[in-house]
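Engineer: give me the fold of what follows.
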Amino acid sequence: MGLRPMTVATLLTANIAYGFTDMDRLASSVRHQLQIHGWGALSYVMFPSLRGSPAKLSATKRTAYVLKHRNLGPTLEMIEQARADVVVLNEVIYELHRAELESALVQIGFQGIAWGVSTHYPGTSISTLVASKEPGTAIRCVMPQRPSMGGGAGMAGLRLLRTSRTIFGVHLTYRSPALFERQLDYIAQVAADEYARGREVIIGGDWNDSVSAIVKNPKFRSLNLVPASLTENATCPTFFPHFLRKPLDHIFIPCHWRGITSNTIAFGSDHLALAVEVRPGSSAQVAKPVSAGAAMLDDQGD
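Structural biologist: Numbers count the residues shown, from 1 in each chain. The predicted structure follows:
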């Protein structure tokens, strides 16, 4: 992403739903989720406080199922057609998708790639990827998680080398308010650290909540980031009518940047991808956060 002042770039975030086919259909989505999370997935959806354990599902069977049903073609086609300069992908299976994804992204023109590997499932880690067409170096992120369904799937950071910009990709918890706030605190802290380096920050991903819920967090609000989308887009689940979908996927940009266009893209996932065109402002306008926040949090769950 060779972003210079007054140029336009496309940022894209997508939850690829493990790279499975037909995740945009309710029956297929339920079947695939059960094979990833086990029967605890149903109890979690109906009774989230029970937090069904994934440990009862055989890692060998889960891996075999992913290998049998994975189909990254629609995701890669969508990225290429969107002409994205920066991509954040969530629910990526690190051990099983890495080689294919990295090879394909390099062919498309991406030069910087970073991973945020989750602590979810041995042998099939549900993780986050950030990629940019500008070279970059990976930033180690240890966002608080808990290794079960709804715990979030990690955080990845990429410090770009040609411009003073840093990209973070995130996947936050679902239905766990205490952990959600701890994750936002951590995100705010690592972003503030980048501000301290004189860098601009972009954060995109599957936040599993609305913009209003995110910016209620005072440490995140202090970053002076704004949504890049012109309107808040309902992105999930795609197999429900629009009025039942929720706005879960967002991209935040510096407040002195300008969002130009935004649109959602169907690509077979239970999430719509979100693509935004932005016009960066002058680096001289970099807005410092109001407060750097507390010391960096540990990586224990709630």
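Engineer: show me where the stretch 101-250 of the chain has its helices.
Structural biologist: Shown for the stretch 101-250 of the chain, the helices assigned by DSSP state H, counting those that start in this stretch span residues 177-196, 211-215, 218-221.
Engineer: same list, the ones you listed, but as JSON lines with distance to residue 143 please.
Structural biologist: Glycine gets a C-beta too; all of them are placed from N, C-alpha and C. Shown next, in JSON lines, are the helices of the stretch 101-250 of the chain (distance: least, CB to CB, whole Å):
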{"stretch": "helix 177-196", "distance to residue 143": "5"}
{"stretch": "helix 211-215", "distance to residue 143": "14"}
{"stretch": "helix 218-221", "distance to residue 143": "13"}
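Engineer: below-threshold pLDDT in the stretch 101-250 of the chain: ranges please.
Structural biologist: 147-151 (pLDDT under 70).
Engineer: can I get stretch 104-122 in PDB? Just the C-alpha atoms.
Structural biologist: Coordinates of each C-alpha in stretch 104-122 appear next as PDB, following Å, rounded to 0.1, in the frame of the first residue of the first chain:
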ATOM      1  CA  ALA A 104      -1.800 -16.300  -3.800                       C
ATOM      2  CA  LEU A 105      -1.500 -12.900  -2.000                       C
ATOM      3  CA  VAL A 106       2.000 -12.400  -3.200                       C
ATOM      4  CA  GLN A 107       0.900 -13.200  -6.800                       C
ATOM      5  CA  ILE A 108      -1.800 -10.500  -6.500                       C
ATOM      6  CA  GLY A 109       0.900  -8.000  -5.400                       C
ATOM      7  CA  PHE A 110       0.900  -8.100  -1.600                       C
ATOM      8  CA  GLN A 111       4.300  -7.600  -0.100                       C
ATOM      9  CA  GLY A 112       3.700  -7.300   3.700                       C
ATOM     10  CA  ILE A 113       1.900 -10.200   5.600                       C
ATOM     11  CA  ALA A 114       1.500 -10.600   9.300                       C
ATOM     12  CA  TRP A 115      -0.400 -13.200  11.300                       C
ATOM     13  CA  GLY A 116      -2.100 -13.100  14.700                       C
ATOM     14  CA  VAL A 117      -2.300 -16.800  15.600                       C
ATOM     15  CA  SER A 118      -5.000 -17.600  18.100                       C
ATOM     16  CA  THR A 119      -4.900 -19.900  21.100                       C
ATOM     17  CA  HIS A 120      -8.100 -21.700  20.200                       C
ATOM     18  CA  TYR A 121      -7.600 -25.100  18.800                       C
ATOM     19  CA  PRO A 122      -4.400 -27.100  18.600                       C
END
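Engineer: list the buried residues for that stretch?
Structural biologist: 104-105, 110-121 (16 or more other CB atoms under 10 Å).
Engineer: hey, which of the helices of the stretch 101-250 of the chain is tucked in deepest?
Structural biologist: Sort the helices of the stretch 101-250 of the chain by mean neighbour count, taking mean count of other CB atoms under 10 Å, and helix 177-196 sits at the top with a mean of 20.
Engineer: so how far is that one from its chain's centroid?
Structural biologist: 14 Å (CA atoms, centre = their mean, to the nearest Å).
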